[in-house]
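**Student:** only geometry, no sequence info:
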DNA sequence: GTTAATGCAAAGCATTTGCACACGT
DNA sequence: ACGTGTGCAAATGCTTTGCATTAAC
């Protein structure tokens, strides 16, 4: 008999799953194994994956899962406030289970998206700002540049400085 | 004989065109009517258009222009520092002829992208920030929310607050 | 049992690429 | 003339949709 090692889920992941259960019940949505697997994967990683990266990661856990389901489930999570779509310069949606206000740095070379420690940035308070009627739900800083790995590999900026 | 009204180009547009001429010459690139028309269109509008919106707008001026050319020319402009690709939550590239550091507000309903007056936000100084070797070329604030038009039309937030 | 979710296949957009022809210098 | 740029058509990549089947409550 094969005994599989069960990875110890960290606090964040299990709290997230609980929150999902709560919000699904409240909204009459089913608790499917796909939703569990997708949220568990998303919330345990810090690389702001694309839908496709999550799809690749859960294949072995949920046999026969489809890409379509991953897209649909992620969209549901955004609606339920369990995840956010993050703004980035690529033409690909990236997701983050951390829905608190924080910031991202996107590498123009390898397209990695990293978190920026919020403490190094000033608080952005848009509450007093005159945005001509624009209602802000959320806001974040997106930094564009080169990550340390790419700089180390000799990649340098390919476009003109203004 | 029909006399067409020639719109008076504003300062910004003509300066931009001059800069393009300069940078194209410096880099051995040709000054084509397509490049002129695309930059003239992009720099005269404030709505951060997609490649396709520019394509639609220049059709009557440059008969037979292709979508492919618009994509290629915009990419060239980014390389030359004449335009920037802006980060937004859609899976579509949007362009801005204003390459100075400024900020954007994206409407989740109509997908309009508006400029935020830079004076209402604190200066974001990443120079002292410990970004673990990440070299920042540029950074901007992206606010996500509802524009005044959509709020007025009764659209309200469709997703959960965290 | 009912309603909602999934999987599949196909369609839909945005964007890119290869190649022959046309244009700018 | 030469090299670069353009247009076309096809390909690619990400995402969405319609519909029949399956699973959750």
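**Tutor:** Yep, that arrived. Remember, it's a predicted structure, so these values are computed and weren't measured experimentally.

**Student:** hey, where'd the strands end up in chain A?
**Tutor:** Using DSSP state E, the strands of chain A run over A:84-86, A:94-96, A:103-107, A:113-116, A:135-146.

**Student:** of all these, which one is nearest chain B?
**Tutor:** Judged by CB to the nearest CB, the one of those that comes nearest to chain B is strand A:135-146, at 3.9 Å. Every residue, glycine included, has its C-beta placed from N, CA and C.

**Student:** list the buried ones in that closest one?
**Tutor:** Across strand A:135-146, burial judged by 16 or more other CB atoms under 10 Å in any protein chain shown covers A:135, A:136, A:138, A:139, A:140, A:141, A:142, A:143, A:144, A:145, A:146.

**Student:** looking at it, the last one is touching residue A:112, isn't it?
**Tutor:** Looking back up the chat, that one is residue A:146. No: in this structure, residue A:146 is not within contact of residue A:112 by CB atoms under 8 Å, at 10.2 Å.

**Student:** low-confidence ranges, chain A, go.
**Tutor:** Residue ranges of chain A with pLDDT under 70: A:1-9, A:127-130, A:157-162.

**Student:** the residue nearest in space to the middle of it and residue A:54, how far apart?
**Tutor:** The centroid of chain A falls nearest to residue A:96 when counting by CA atoms, centre = their mean (1.5 Å). Residue A:96 sits 12 Å away from residue A:54 when distances are taken as CB to CB, to the nearest Å.

**Student:** which parts of chain A sit against DNA strand D?
**Tutor:** Proximity of chain A to DNA strand D, by CB under 7 Å from any atom of the strand, involves residues A:24, A:30-33, A:50-52, A:67-68, A:71-72, A:75, A:91-93.

**Student:** give me the buried subset of the residues you listed.
**Tutor:** Buried subset of those (neighbour count, 16+ other CB under 10 Å): A:24, A:50, A:51, A:75, A:93.

**Student:** touching, the second one and residue A:93? I think so.
**Tutor:** Same thing as residue A:50. Yes: between residue A:50 and residue A:93 there is a contact under CB under 8 Å: 6.6 Å.

**Student:** which ones are touching residue A:110?
**Tutor:** Applying CB atoms under 8 Å, 6 or more residues apart in numbering or on different chains, we find residue A:110 in contact with A:147, A:149, A:150.

**Student:** top of those residues by neighbour count?
**Tutor:** Counting neighbours by other CB atoms under 10 Å in any protein chain shown, the top entry in the contacts of residue A:110 is residue A:147, with 24 neighbours.

**Student:** can you tell me which residues contact the residue lying closest to that one once chain neighbours are set aside?
**Tutor:** Spatially, and ignoring its direct neighbours in sequence, residue A:147 is nearest to residue A:107 (3.9 Å; CB to CB, 6 or more residues apart in numbering or on different chains). Going by CB under 8 Å, 6+ apart, residue A:107 touches A:113, A:114, A:145, A:146, A:147, A:150, B:134.

**Student:** any chance of those residues in TSV, with distance to DNA strand C too?
**Tutor:** Listed next are those as TSV, based on distance: CB to the nearest atom of the strand, whole Å:
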residue	distance to DNA strand C
A:113	17
A:114	22
A:145	19
A:146	19
A:147	20
A:150	18
B:134	23
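
**Student:** what's the closest of these to residue B:118?
**Tutor:** Minimum distance to residue B:118 across these is 19.8 Å, recorded for residue A:145 (CB to CB).

**Student:** am I right that that closest one is in contact with residue B:135?
**Tutor:** Yes: between residue A:145 and residue B:135 a contact is recorded at 4.7 Å, counting by CB under 8 Å.

**Student:** so the residue nearest to the centre of chain A sits against residue A:82, correct?
**Tutor:** No: the pair residue A:96 / residue A:82 is not scored as a contact, 10.6 Å apart, by CB under 8 Å.
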